[in-house]
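K.L.:
sequence and predicted structure, then a few things I'm wondering about:
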Amino acid sequence: MNFEEKRKKLVESLKSREILTKQNVIRAMLIVPRHKFVPKDAESSAYMDSPLSIGLGQTISAPHMNAMMCEYLELKEGDKVLEIGTGSGYHAALCAELVAPENSKTPGHIYTIERHEGLVENAKRSLKETGYDQNVTVIHGDGTLGFPKEAPYDKILVTAASPTKIPLPLRDQLIDGGILCIPAGSKSFSQNLYIIRKQGEHFDTTKITGVRFVPLIGKYGFESSD
Ligand code: SAM
């Protein structure tokens, strides 16, 4: 089976589990080549529904998690998105496919922050190779500070586990009516995924499910242990 066939099979399985329901997310998952975002020796596992190691102790999330987060964020053409935790760059590419589909008249943009320089370089290379570099800006730094220069954002996606549901700087960088998707809980994998909608001064919070993410390390996250 070639990569495209494997990708289709994965998407069919996510649809049958009712994880993938939205047409635009299904389309993006069918298009973005996950095998281009994983290390060469993991390419053959790229379309299994599991996280994979990307080096420096970090992982690319399982595809069902990418799909769920994209669906809950209600990503649409034109959205300006902040992602914290670029990792491989795959999730940023998926988001780009949703906010800036081909021939879009109002393309959105993804700003994505990663704390490990080595991963920043790899993600930039993969995004360039797949053509998503046009709509994705990769930034090296502490994502718990957000990226005030381009704020406010329509959507904020955090892909590492935070000690708090709304790290302070992100509160102000989300547009009124915007959505934050964030795993929060303990550093050692006992966490929940939350969807938080900003309504004026209020933040409507919905707990989605238990999850396991690597920790968010930074000023408004956990302390580094390395
Ligand atoms: N979204 C990624 C992908 O598609 O491959 C997967 C992200 S991985 C589960 C979490 C990432 O968050 C790791 O690469 C980690 O280095 C990064 N990270 C942790 N704390 C961070 C912070 N404060 N700022 C930026 N990146 C951070």
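P.N.:
Cool, got the structure.
K.L.:
show me the strands in the chain, by range?
P.N.:
52-55, 58-60, 80-84, 109-114, 136-140, 153-158, 174-185, 191-199, 202-211 (DSSP state E).
K.L.:
tally up the residues packed near H140, please.
P.N.:
Around H140 sit 14 other residues, with neighbours defined as other Cβ atoms under 10 Å. For glycine as for every other residue, the C-beta is placed from the backbone atoms N, C-alpha and C.
K.L.:
so who does it touch?
P.N.:
When contacts are counted by Cβ atoms under 8 Å, 6 or more residues apart in numbering, H140 touches 113-115, 117, 120.
K.L.:
again with T106
P.N.:
Taking Cβ under 8 Å, 6+ apart as the criterion, T106 is in contact with 77-78.
K.L.:
any idea how far the ligand is from the residue nearest the centre of the chain?
P.N.:
To find the centre residue of the chain, average its C-alpha atoms and take the closest one (Cα atoms, centre = their mean): that gives H91, at 4.2 Å. Distance of H91 to the ligand, computed by Cβ to the nearest ligand atom, to the nearest Å: 3 Å.
K.L.:
where does that residue land on pLDDT?
P.N.:
According to the predicted model, the pLDDT of H91 comes to 98.
K.L.:
just L14 next, same as before
P.N.:
According to the per-residue confidence, L14 scores 98 in pLDDT.
K.L.:
could I get the contacting residues of it?
P.N.:
Taking Cβ under 8 Å, 6+ apart as the criterion, L14 is in contact with 20, 29, 49, 63-64, 67.
K.L.:
on that earlier part again, I'd like to know which of the contacts of H140 are buried.
P.N.:
113-115, 120 (16 or more other Cβ atoms under 10 Å).
K.L.:
ok, which of those also contact the ligand?
P.N.:
With respect to the ligand, and counting by Cβ under 6 Å from any ligand atom, the subset of the buried ones among the contacts of H140 in contact is 113-115.
K.L.:
wait, which of the contacts of L14 is closest to the ligand?
P.N.:
Nearest to the ligand among the contacts of L14: P63, at 10.0 Å, using Cβ to the nearest ligand atom.
K.L.:
tally of neighbours for Y132?
P.N.:
Burial of Y132, expressed as a neighbour count using other Cβ under 10 Å, amounts to 24.
K.L.:
swap in Q134?
P.N.:
When neighbours are defined as other Cβ under 10 Å, Q134 has 12 of them.
K.L.:
the one 10 residues further on now?
P.N.:
By other Cβ under 10 Å, 24 other residues sit near T144.
K.L.:
so it touches Y220, yeah?
P.N.:
Yes: with contact defined as Cβ atoms under 8 Å, T144 reaches Y220; the gap is 3.7 Å.
K.L.:
for K22, what are phi and psi?
P.N.:
Note on K22: backbone dihedrals following degrees, to the nearest 10 are phi -90, psi 130.
K.L.:
who are the contact partners of it?
P.N.:
With contacts defined as Cβ under 8 Å, 6+ apart, the neighbours of K22 are 70-71.
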